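Participant: Sequence isn't available, so here's the structure alone:
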Ligand code: UD1
Ligand code: UDP
């Protein structure tokens, strides 16, 4: 069976690494007693800087992509259009039995659209997530991709319900979250990265960690300034590994100058370094989807710098507070998270075997239906 994996952006390398590992395990398990899975990796080139792309391939031992389309940055339409053209060529040449897409980026949309037009089945990993905010590019991508997919790999019960409300019930699987698999697998390896504390002059549980990159928070300079001012005014140390999108906007508009309090801005860090910093943070302030969940996996209080979230379990359980971007609200939430007592923390995100379930389902449903 031939599987084409489409990736392009930072979180997708992490998610896809878990499935690639499970495919390898499957192939060695069946040895010569069955048809192996041949995984072909297509990197769209949406992310290209070393520290948001290649570093993940190196650290997570992801096989080198068979194709890199080198699409790079541009407007949504141009970027998605170039990907569509490039992916279609690869699909016509390779004729896979299934195309796997991850999450909700433009690479996800282009991968699914190219495949569905060629009548190639699509598997969507992280299906059914909804923020109910259609101004987010990711929300549009998710909705379209879910409606084009044959296999919908859902991380939570909420995501299954979301699909049901949109009339999607066939091919839907509640498998848990591949990012939870990834944390379980990589945490041991991350312990080798403890020297980051020395490098950044940090003490465990005495700093906040922050990430900002969402379009709504970076293109709106008022929102961005409000977040940065809040980070500067926090009494504790704050570490901000800065996404290149945000860095470019801050630099272009000269948003940061002079005294920035205890805020330390650094380049994006590797995944293993990120896990170690998340696990040992006093609190996390973020607009990232993945980082909100990782905060929950580590039971570190999270403050979400958005007006809504797809990962509502983290909020309902009390571990995540949605504050938006008003400085006063962010600072109030920082105080609140510092004084919180123990709160319950059920496991909403599966048993750490989501990627194995994906491979099992692919084998079961596709070997018979689509094998060439
Ligand atoms: C993309 C995804 C977002 C995801 C995020 C993960 C879409 C619509 N957005 O957002 O859902 O959460 O990735 O990090 O697909 N840039 C560089 N170097 C790079 C890549 C980007 O400098 O290697 C800069 C460019 O100025 C570019 C900007 O970042 O225009 C935005 O990049 P883009 O990939 O369009 O969106 P992200 O904000 O990264
Ligand atoms: N991440 C990382 N280094 C960083 C910032 C984030 O490895 O400097 C990881 C983080 O641990 C998580 C993923 O990147 O696994 C989240 O990606 P991002 O925030 O870019 O995208 P989103 O999840 O919002 O789509």
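Facilitator: Yep, it's here. Bear in mind the structure is a predicted one, so any value in this text is a computation, not a measurement. Ligands and ions are numbered 1, 2, ... in the order given.
Participant: Show me what from this structure comes close to ligand 2.
Facilitator: 10-11, 14, 211, 213, 241, 268-269, 271, 274, 288-291, 294 (C-beta under 6 Å from any ligand atom). Where C-beta positions appear, they are placed from N, C-alpha and C, glycine not excepted.
Participant: Of these, which ones also sit close to ligand 1?
Facilitator: 10-11, 213.
Participant: Max pairwise distance over the residues of the chain next to ligand 2: which two?
Facilitator: Pairwise distances among these were taken by C-beta to C-beta; the largest, 17.8 Å, belongs to 269 and 289.
Participant: Residue 24 sits in which helix or strand?
Facilitator: If you go by DSSP states H and E, residue 24 is part of helix 10-30.
Participant: check whether the helix or strand following that helix contacts ligand 1.
Facilitator: Using DSSP H and E, the helix or strand that follows helix 10-30 towards the C-terminus is strand 38-43. No. Strand 38-43 lies apart from ligand 1 when judged by C-beta under 6 Å from any ligand atom; the minimum separation is 11.5 Å.
Participant: Check which helices and strands the very next helix or strand once past strand 38-43 sits against.
Facilitator: For strand 38-43, the following helix or strand on the C-terminal side (DSSP H and E) is helix 54-59. Counting contacts by 3 or more C-beta pairs under 8 Å, 6 or more residues apart in numbering; DSSP states H and E, helix 54-59 packs against helix 10-30, helix 271-279.
Participant: Buried residues, the first one. List them.
Facilitator: Neighbour counts using 16 or more other C-beta atoms under 10 Å place 10-24, 26-27 of helix 10-30 among the buried residues.
Participant: now do stretch 280-300
Facilitator: 280-298, 300.
Participant: before we move on, what about stretch 39-58?
Facilitator: Residues of stretch 39-58 classed as buried: 39-48, 52-57 (neighbour count, 16+ other C-beta under 10 Å).
Participant: Now do the end-to-end distance for that stretch.
Facilitator: Stretch 39-58 has an end-to-end distance of 18 Å (criterion: C-alpha to C-alpha, to the nearest Å).
Participant: so how far is it from its chain's centroid?
Facilitator: Here stretch 39-58 is found 13 Å from its chain centre; the criterion is C-alpha atoms, centre = their mean, to the nearest Å.
Participant: Next, count neighbours for residue 95.
Facilitator: Number of residues near residue 95 (other C-beta atoms under 10 Å) recorded here: 11.
Participant: how about it, phi and psi?
Facilitator: Main-chain torsions, residue 95, degrees, to the nearest 10: phi 50, psi 60.
Participant: burial count for residue 107?
Facilitator: When neighbours are defined as other C-beta under 10 Å, residue 107 has 29 of them.
Participant: begin at 22 from here
Facilitator: Sure thing, new numbering starts at 22, so read that last one as residue 128.
Participant: Surely it is in contact with residue 29?
Facilitator: Yes. Here residue 128 reaches residue 29: they are 3.0 Å apart, a contact under C-beta atoms under 8 Å.
Participant: Just the closest residue of the stretch 22-171 of the chain to ligand 2, please.
Facilitator: Taking C-beta to the nearest ligand atom, ligand 2 has its nearest neighbour within the stretch 22-171 of the chain at residue 32, 3.7 Å off.
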